[in-house]
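Undergrad: model this:
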Amino acid sequence: MEKANQLHNELVEKVAENDEGLMEMYFEKGTLNENEMRQGLKIGMRNHVVFPIFCVSAKNDMCSGRMMGFIDNVAPSSVDIQPERLEDGKELFHFLDGPEVLFVYKTAIEPNLDKMSFFKVISGQVNAGDELINHQTGETERINQLFIVDGHKRNPINKLVVGDLGMTLKLKSTETNHTLCGKNINVCVQPIEFHEPKMQMAIIANNNSDDEKLGEVLQKIHQ
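TA: Numbering: from 1, shown residues only. Prediction:
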């Protein structure tokens, strides 16, 4: 119990450090109430100095409700967070009525689906059927389908807005770290810096028949 109280007091102190007003309250009262804690955590997350970690088990349905409650009640929304840093050093604000900008953070290939591009809507909103320009290649990409991914399920949707994570299929020239923009804007989101791999390996099937089997094996491993 003593250890738990010590950890709680350390958390309160760290939360108070995110705002001068909260720090004054902490010095006066020696603690913060729930609403003040929520405010301090939100400020810390928005400024990228607080990174909450939750231990959950989706398989056993443990603590997932508490995590979702925290996201709903405490975590900053997409319009509250810091502007997105661009490659040229400028910033792009996360506005719903802003220019249409997507950032592709992951690319995968699944049998029978071809290439899947996972992206975040950085600004504005994207609709199924929109045509966007790939900043890196200059090619025009048509977003024929939009999906929200829920585990292995792909839920079709017609529109995604700023802050949403989505997926689309069969983009011709778009890869991970690419930025897709509306035709009236040309910006490039600062790319993710990936660590260099310690080891690289490629697995290639001998023929088309083996290639299909290999795809099934890799899919099971991925699951």
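Undergrad: gap between Glu87 and Asn73?
TA: 34 Å (CB to CB, to the nearest Å). (Each C-beta comes from the backbone N, C-alpha and C, glycine too.)
Undergrad: I meant to write Asn186 there.
TA: Relative to Asn73, and taking CB to CB, Asn186 is found at 38 Å.
Undergrad: Enumerate every residue touching Ile93.
TA: Slight slip there: residue 93 is Phe, not Ile. 83-84, 123 (CB atoms under 8 Å, 6 or more residues apart in numbering).
Undergrad: Helices of the protein, start to end?
TA: 2-16, 20-29, 34-46, 64-73, 208-222 (DSSP state H).
Undergrad: which one of the ones you listed is the most hemmed in?
TA: A comparison of the helices of the chain by mean neighbour count, using mean count of other CB atoms under 10 Å, puts helix 34-46 on top with a mean of 17.
Undergrad: quick one: it to helix 2-16, angle?
TA: Going by axes from the mean of the first three to the mean of the last three CA atoms, to 10 degrees, helix 34-46 is angled at 60 degrees with respect to helix 2-16.
Undergrad: In PDB, please show the C-alpha coordinates belonging to helix 34-46.
TA: Extracted in PDB, the C-alpha atoms of helix 34-46 (Å, rounded to 0.1, in the frame of the first residue of the first chain):
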ATOM      1  CA  GLU A  34      -9.500  13.700 -10.800                       C
ATOM      2  CA  ASN A  35     -10.500  16.500 -13.100                       C
ATOM      3  CA  GLU A  36      -7.200  18.300 -12.600                       C
ATOM      4  CA  MET A  37      -5.300  15.000 -13.200                       C
ATOM      5  CA  ARG A  38      -7.300  14.600 -16.400                       C
ATOM      6  CA  GLN A  39      -6.400  18.100 -17.600                       C
ATOM      7  CA  GLY A  40      -2.700  17.600 -16.800                       C
ATOM      8  CA  LEU A  41      -2.500  14.200 -18.600                       C
ATOM      9  CA  LYS A  42      -4.200  15.700 -21.600                       C
ATOM     10  CA  ILE A  43      -1.700  18.600 -21.800                       C
ATOM     11  CA  GLY A  44       1.200  16.200 -21.400                       C
ATOM     12  CA  MET A  45       0.000  13.900 -24.100                       C
ATOM     13  CA  ARG A  46      -0.600  16.800 -26.400                       C
END
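Undergrad: next one: that helix to chain centre, how far?
TA: Its chain's C-alpha centre and that of helix 34-46 lie 20 Å apart, by CA atoms, centre = their mean, to the nearest Å.
Undergrad: And it, what does it pack against?
TA: helix 2-16, helix 20-29 (3 or more CB pairs under 8 Å, 6 or more residues apart in numbering; DSSP states H and E).
Undergrad: any chance of these in a markdown table, plus mean pLDDT?
TA: Formatted as a markdown table, these follow (pLDDT from 0 to 100):
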| stretch | mean pLDDT |
| --- | --- |
| helix 2-16 | 85 |
| helix 20-29 | 91 |
